[in-house]
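1. curious how this folds, go ahead:
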Amino acid sequence: MTFRVRGEFDPSVISRSLHLTPSSTWVAGDPVGASGRTRTFSGWFLETRGTVRSNEIEEHLEWVLERIEPRSHVIADLLRNDIDVDLDCSWSSTGMGGGPWIPPAAMARLGALGIPFMISFYASEPD
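-> Numbering: from 1, shown residues only. Model (predicted):
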């Protein structure tokens, strides 16, 4: 799961404002791999990968919310200034049924922050 901030800004300013260390950043104008293209906007990312060991989406969501909720005023300012802020999650499954379960309390917390939560679903091969 990744908390993402994208737009026109200096990533170090986001780090200072949120009092958080990002998992990764990039700056508008940075190269996109070896493609010859450059980034058209800056990005600041806080990932749960490597930190939260659970396969349960709720634990990843809780970890992110614990870090960003105390900075809700910063997130509100970013959103007011046309900075894109969201939460992104990938979900992989070997079957056609089931999927992540998000408790109502977590949905309410996300709603209070005013940030969208995107889940990308992928089919995977069974082990």
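
2. what's the local residue count around Phe41?
-> 14 (other Cβ atoms under 10 Å). Every C-beta, even on glycine, is put in place using the N, C-alpha and C of the backbone.

3. ok, it touching Arg4?
-> No - between Phe41 and Arg4 there is no contact under Cβ atoms under 8 Å: 11.2 Å.

4. which positions within the longest helix along the chain qualify as buried?
-> Looking across the chain with DSSP state H, the single longest helix is helix 57-68. Residues of helix 57-68 classed as buried by neighbour count (16 or more other Cβ atoms under 10 Å): 57, 60-65, 68.

5. just how off-centre is the longest strand anywhere in the chain within its chain?
-> In the chain, assigned by DSSP state E, the strand with the most residues is strand 84-93. On the basis of Cα atoms, centre = their mean, to the nearest Å, strand 84-93 sits 7 Å off its chain's mean C-alpha point.

6. give the pairing partners of that strand; include direction for each.
-> Looking at strand 84-93 with DSSP bridges, its partner strands are strand 2-7 (antiparallel), strand 117-123 (parallel).
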